[in-house]
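Participant: build me a model from this:
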Amino acid sequence: MTESEFEIHLDYTEAEYAEYEALETRQLRARATSSWNGWTAPVGFGVAVSGLVSLLAVASGASRSQAGGIIAALAFAAFYAGLWTPSITGWFSRASRFALFKSYIENYRILVTDSGISLSSDGGVRSFMPYSYFRSATVRSTLLVLSAETQRLAVPARLLTPERQARLIELVRAHAPQVS
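Facilitator: Got it, this is the predicted structure:
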């Protein structure tokens, strides 16, 4: 390793991971064509469940002429529960997603050179990104974010001295394609 090169061993805190996750979510939303896309599954599930509850109400004999309000209340409650169930339970809790993320990046290292960034792990995963691949480099709260057109490389800022942060930002900005 030359004097201008340096290595970063990736290690995130829970707060840094939460910020990284928020960046990724914003990036996904920015690429989405419609805000309806994120609601299709929960709404569909809610409608299906409310329909099932209505059918059960009719089949159980609760649907007499004076039971219209009960059926409506049951259908609404089922729809509402179906709508919010995915948000409440989620696929994973943030803690388990963080633990999975930590185990995935556990042995990842970033080597910063004059020509680009190498990403490697003990598992043999290696990739090289020239600085021209990135469009920008910024420090956002606790992360140094190197942004490409469709991806981001986020490095916890605490892992870099101010001099290394400045050097990395300078290298990316000097080689970044000019976006008009």
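
Participant: contacts, neighbours, all on C-alpha from now
Facilitator: Fine.

Participant: what about residue 124, how many residues nearby?
Facilitator: 8 (other C-alpha atoms under 10 Å).

Participant: before we move on, what about residue 18?
Facilitator: By other C-alpha under 10 Å, neighbour count at residue 18 equals 15.

Participant: check which helix or strand covers it.
Facilitator: Element membership for residue 18 (DSSP states H and E) is helix 14-31.

Participant: what helices or strands is that helix leaning on?
Facilitator: The helices and strands touching helix 14-31, judged by 3 or more C-alpha pairs under 8 Å, 6 or more residues apart in numbering; DSSP states H and E, are strand 143-147.

Participant: and the next helix or strand past the strand it packs on?
Facilitator: Using DSSP H and E, the first helix or strand after strand 143-147 is strand 152-156.

Participant: tell me the angle of that next one relative to helix 14-31?
Facilitator: Interaxial angle, strand 152-156 versus helix 14-31 (axes from the mean of the first three to the mean of the last three C-alpha atoms, to 10 degrees): 160 degrees.

Participant: sorry, back to before: what is the mean pLDDT for the helix holding residue 18?
Facilitator: Mean per-residue pLDDT for helix 14-31: 84.

Participant: just the residues contacting stretch 130-139, thanks.
Facilitator: 115-117, 144-149, 157, 169, 171-173, 175-179 (C-alpha atoms under 8 Å, 6 or more residues apart in numbering).
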